[in-house]
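[1] Kindly generate the corresponding structure for this input.
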Amino acid sequence: MNDLKSKVLYYLAKRDYSYKELLQKLQKHSQNIKEITNLLDECVQKGWLCEERYIINYIQSKSKKYSLLKIKNELQQKTNNTQLIEEILAKSQIDEYQIALSIWQKKFKVIAVDAKDRAKQARFLQSRGFSLSTIKKILNNTDNEYE
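    Modelled structure (predicted):
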């Protein structure tokens, strides 16, 4: 138990983890699931392990690079608390268009002139999880908004 506790404290000292992530990490060190879940429950009670804090920090760190949909999908793989993810994302004041525009400006700087460049830019934004409507809005913008 002490060995597992030291592992948990080591992991949590580096960064926040979700309950599910930490459970998976600790299963590599012990086969006793009951012991692991008791230890993780103790960490939750002491405030060392907090799903809400993890989700908020994850959203803040990823929201400058990815769409909310992509972040949501990644979070659903990392935690089991879909309702909490939905609530926190609903409260977040993130403007996806501005994020996509910022990423696009940083990467490309100029509007695509031919179909090949346009497709390249669209694929890039799509890989970051942005919707087709957001991508079209950025690539079809005829204003001098970018400069």
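[2] ok, how many other residues are close to the closest residue to Glu51 other than its chain neighbours?
    The spatial neighbour of Glu51 that comes closest, neighbours along the chain excluded (C-beta to C-beta, 6 or more residues apart in numbering), is Asn81 at 5.4 Å. In short, each C-beta sits where N, CA and C put it, glycine included. Using other C-beta atoms under 10 Å as the criterion, Asn81 is surrounded by 19 other residues.
[3] Asn81 and Val44, how far apart?
    Taken as C-beta to C-beta, to the nearest Å, the spacing of Asn81 relative to Val44 amounts to 12 Å.
[4] quick one, what contacts the residue nearest to the spatial centre of the chain?
    Centre of the chain computed as the mean C-alpha position; nearest residue by C-alpha atoms, centre = their mean is Ile71, 3.8 Å away. Shown in contact with Ile71 (C-beta atoms under 8 Å, 6 or more residues apart in numbering): Tyr58, Ile59, Lys62, Ser63, Leu89, Gly129.
[5] Check Ala122 too.
    Neighbouring residues of Ala122 by C-beta under 8 Å, 6+ apart: Ile135, Leu139.
[6] any chance you could map the helices in this protein?
    Using DSSP state H, the helices found in the chain span residues 2-14, 19-27, 33-46, 51-62, 68-78, 82-91, 96-107, 115-127, 132-139.
[7] any chance of those in JSON lines, with mean pLDDT too?
    What follows is those, written out as JSON lines (pLDDT from 0 to 100):
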{"stretch": "helix 2-14", "mean pLDDT": "90"}
{"stretch": "helix 19-27", "mean pLDDT": "93"}
{"stretch": "helix 33-46", "mean pLDDT": "93"}
{"stretch": "helix 51-62", "mean pLDDT": "94"}
{"stretch": "helix 68-78", "mean pLDDT": "93"}
{"stretch": "helix 82-91", "mean pLDDT": "92"}
{"stretch": "helix 96-107", "mean pLDDT": "92"}
{"stretch": "helix 115-127", "mean pLDDT": "93"}
{"stretch": "helix 132-139", "mean pLDDT": "92"}
